[in-house]
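Peer 1: sequence and predicted structure are below.
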Amino acid sequence: MTKQYWYVILTYVLMQLSGFIGFPILLALGVEREFIVGYWTFISFTIGLIIVSWILRAEWKEGDFRKETASIPQTILWSFLGFFLALFGQAIAAQIQHQLFGIEPGSQNTQDIMGFVMAAPIMIFAITIAGPILEEIIFRKIIFGSLYKRFNFAVGLIISSLIFAVVHQDFKHLLIYFVMGGIFAFLYVKTNRIIVPIIAHVAMNSFVVIVQYVFKDEIEDMMKQMEEMQNALSAFIHFF
């Protein structure tokens, strides 16, 4: 791994830990507690993206691997397909978790993030744009790319996807994040363009945020109806 890559990783780690300094600063400035997480996430992710982009300013070239780089039409096609592959992979992983371990669909981590987004919509930029770009640079371009070049695709995918999953700290849904990491790694190698998994990741996060932000009331009503149906069915079964 190059010195620049270590600088990028250090920037990402400091960005993740910056709340220990940022939260008290915002409190001292009179920002209400309910807005602090959203505001600081936007600030730290934006600054982190700027710094990382500057560190890698000499490396924004296409073709990280010794293979043919996808053409522009192929890049557009795989970016489009990547979005649906990500959604499909997430759904399959969720079903596997549910069938094998009884884990219900729906991530508490996602719900917590959406709670912060509702309080401070400016956080949407961090969740849908800055976050996915930084994660693809860290986990695919740097970690996966370095392992892939030194070992092979399988080793790079397993280690980078596992780290990607653990970093999200949603251990009940570890498999979902692992699968997502694997899909993004595949897109990266398939096209030899880091922009492809970035676009797919941005599109997926944007889709999730839009659905939960715009259709929040409809989703809550649907969940209540499902709970009522389950309660009614349970009462009916106990009656007989």
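Peer 2: Noted; the coordinates are in hand.
Peer 1: what does stretch 44-54 rub up against?
Peer 2: Residues outside stretch 44-54 that contact it (Cβ atoms under 8 Å, 6 or more residues apart in numbering) are 8, 11-12, 15, 18-19, 22, 125-126, 130-131, 133-134, 137. Every C-beta, even on glycine, is put in place using the N, C-alpha and C of the backbone.
Peer 1: go through that stretch and flag the buried ones.
Peer 2: 44-49, 51-52 (16 or more other Cβ atoms under 10 Å).
Peer 1: hang on, the earlier thing: now the buried members of the contacts of stretch 44-54.
Peer 2: 8, 11-12, 15, 18, 22, 126, 130-131, 133-134, 137.
Peer 1: reformat these as JSON lines; add secondary structure.
Peer 2: As requested, those are exported to JSON lines (DSSP: H, G, I helix; E, B strand; the rest coil):
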{"residue": "8", "secondary structure": "helix"}
{"residue": "11", "secondary structure": "helix"}
{"residue": "12", "secondary structure": "helix"}
{"residue": "15", "secondary structure": "helix"}
{"residue": "18", "secondary structure": "coil"}
{"residue": "22", "secondary structure": "helix"}
{"residue": "126", "secondary structure": "helix"}
{"residue": "130", "secondary structure": "helix"}
{"residue": "131", "secondary structure": "helix"}
{"residue": "133", "secondary structure": "helix"}
{"residue": "134", "secondary structure": "helix"}
{"residue": "137", "secondary structure": "helix"}
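Peer 1: could I get those as CSV with pLDDT?
Peer 2: Below are the buried ones among the contacts of stretch 44-54 laid out as CSV (pLDDT from 0 to 100):
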residue, pLDDT
8, 93
11, 94
12, 93
15, 93
18, 93
22, 92
126, 91
130, 94
131, 93
133, 95
134, 95
137, 94
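Peer 1: would you mark the buried spots in the biggest helix by length in the chain?
Peer 2: Ordering each helix of the chain by length in residues (DSSP state H) puts helix 72-101 first. By neighbour count on 16+ other Cβ under 10 Å, the buried set for helix 72-101 is 75, 78-79, 82-83, 85-87, 89-90, 93-94, 97.
Peer 1: pull the most distant pair out of the buried residues of stretch 44-54.
Peer 2: Greatest spacing in those, by Cβ to Cβ: 44 and 52 (12.1 Å).
Peer 1: quick check: residue 36 touching residue 26?
Peer 2: Yes: counting by Cβ atoms under 8 Å, residue 36 touches residue 26, with 4.9 Å between them.
Peer 1: pull the residues that contact whatever helix or strand residue 21 lives in.
Peer 2: Following DSSP states H and E, the helix or strand that holds residue 21 is helix 19-28. With Cβ under 8 Å, 6+ apart as the test, helix 19-28 has contacts from 33, 35-37, 39-40, 43-44.
Peer 1: tell me how far that helix lies from the chain's centre.
Peer 2: 25 Å (Cα atoms, centre = their mean, to the nearest Å).
Peer 1: now stretch 138-148
Peer 2: 16 Å.
Peer 1: the closest residue in space to residue 161 that isn't next to it in sequence and residue 139, how far apart?
Peer 2: Distances taken as Cβ to Cβ, 6 or more residues apart in numbering put residue 181 closest to residue 161, at 3.1 Å, once the chain neighbours are dropped. According to Cβ to Cβ, to the nearest Å, residue 181 stands 6 Å off from residue 139.
Peer 1: now do the shared contacts for those two.
Peer 2: 160-161, 164.
Peer 1: sorry, back to before: may I ask which two of the buried residues of helix 72-101 are separated the most?
Peer 2: Farthest pair in the buried residues of helix 72-101, by Cβ to Cβ: 75 and 97, 32.2 Å.
Peer 1: now for the chain, the helix or strand with the poorest mean pLDDT.
Peer 2: The helix or strand of the chain with the poorest confidence is helix 216-239; it has a mean of 48 (mean pLDDT, DSSP states H and E).
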